[in-house]
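**Q** Need a 3D model of the sequence below.
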Amino acid sequence: MAALTRKQRDDQRKRREILAAALAMFAEGGFHNTTMAQISKAAQYPLGTIYKYFPGKKEMYHDLVIERVHELGRILYDIAHKQDVSVTDRLLAALKAQARFYRDNQDVVKIYIFERSNIDSVGMPRLNERVNHLHERMVQLFENLFDQGIREKAFKTYPARDMAELFADIVHSAAWSGLFREEDPTQSDRRLSMIFEMVTTGFKKINI
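**A** Numbering: from 1, shown residues only. Down below sits the predicted model:
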């Protein structure tokens, strides 16, 4: 891959700074209440420069969300394909990685969850479609892991697809709820391990 020119590097830097300013404004006042003028002031770039990179705040919101979703997808893909790690450990690692990712990117995650019904379905249906597509790919990663686990007799022979969809929902819920808890990394890790144990062993007490 050819090295970037100075102008390309400068464009990337400006774009990152504009998106960072937009994120700060969205987090502070909400998407609908934020104006391009406020983003321009926060980014310390004139409006003309802002419009050079983004036609409007919808495009900023789109890129903020999609870039994070792709990043999370790459993280989960790398975990799922660690062949020297057991299937169970890969699933646990995926749960913890998503929770950590939500914490590290909580402004974007909260804005997306809170604004999704107001923005995506009507104003930006294409974004909704892309996020759903990437979610489907994540579920397929989990499905492949559960399928492998079934073949290796690590899991019961439930349909791998159903297991994957349920697990994806649990991962999201566990990661999302962590954003509203006052817990340090050790406490978070302990809670997630407990949730994973609940999922993989069930709630029923076995009498011996």
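**Q** Tell me where the model's unsure across this structure.
**A** 1, 117-123, 204-208 (pLDDT under 70).
**Q** Not counting its neighbours along the chain, what's nearest residue 73?
**A** residue 134 (5.6 Å; C-beta to C-beta, 6 or more residues apart in numbering). For every residue, glycine as well, the C-beta is placed using N, CA and C.
**Q** Report the buried residues of the host helix or strand of residue 187.
**A** Using DSSP states H and E, residue 187 falls within helix 185-201. In terms of neighbour count (16 or more other C-beta atoms under 10 Å), helix 185-201 has its buried residues at 188, 191-192, 195-196, 199.
**Q** now the helix or strand hosting residue 162: how far from the chain's centre is it?
**A** When elements are assigned from DSSP H and E, residue 162 belongs to helix 160-177. Relative to the mean C-alpha coordinate of its chain, helix 160-177 is positioned 13 Å out (C-alpha atoms, centre = their mean, to the nearest Å).
**Q** Same question for stretch 100-112.
**A** Per C-alpha atoms, centre = their mean, the centroid offset for stretch 100-112 relative to its chain is 7 Å.
**Q** Can you give the domain ranges for this structure?
**A** Here the domain parsing of the chain from automatic domain parsing is 10-55, 56-201.
**Q** what about the shortest one, how long is it end to end?
**A** What it means is domain 10-55. Distance between the boundary residues of domain 10-55 (C-alpha to C-alpha, to the nearest Å) amounts to 19 Å.
**Q** and what of stretch 24-41?
**A** Across stretch 24-41, first to last residue, C-alpha to C-alpha, it's 12 Å.
**Q** Identify each buried residue in the longest helix along the chain, please.
**A** Identified as the longest helix of the chain according to DSSP state H is helix 125-151. Buried positions in helix 125-151, judged by neighbour count with 16+ other C-beta under 10 Å: 127-128, 130-131, 138-139, 141-143, 145-150.
**Q** So which elements touch that helix?
**A** Judged by 3 or more C-beta pairs under 8 Å, 6 or more residues apart in numbering; DSSP states H and E, helix 125-151 is in contact with helix 57-80, helix 87-104, helix 160-177.
**Q** deepest of those helices, which one?
**A** Comparing the helices and strands packed on helix 125-151 by mean neighbour count (mean count of other C-beta atoms under 10 Å), helix 87-104 ranks first with a mean of 19.
**Q** Would you mind identifying the next helix or strand past that helix?
**A** Going down the chain from helix 87-104, the next helix or strand is helix 106-119, by DSSP H and E.
**Q** List the contacts of that next one.
**A** Outside helix 106-119, the residues that touch it by C-beta atoms under 8 Å, 6 or more residues apart in numbering are 23-24, 26-27, 30-32, 58, 61, 64-65, 68, 102, 127-128, 176, 179.
**Q** run the last query once more with 6 Å
**A** 23, 26-27, 31, 64-65, 68, 102, 179 (C-beta atoms under 6 Å, 6 or more residues apart in numbering).
**Q** Fine by me, thanks again.
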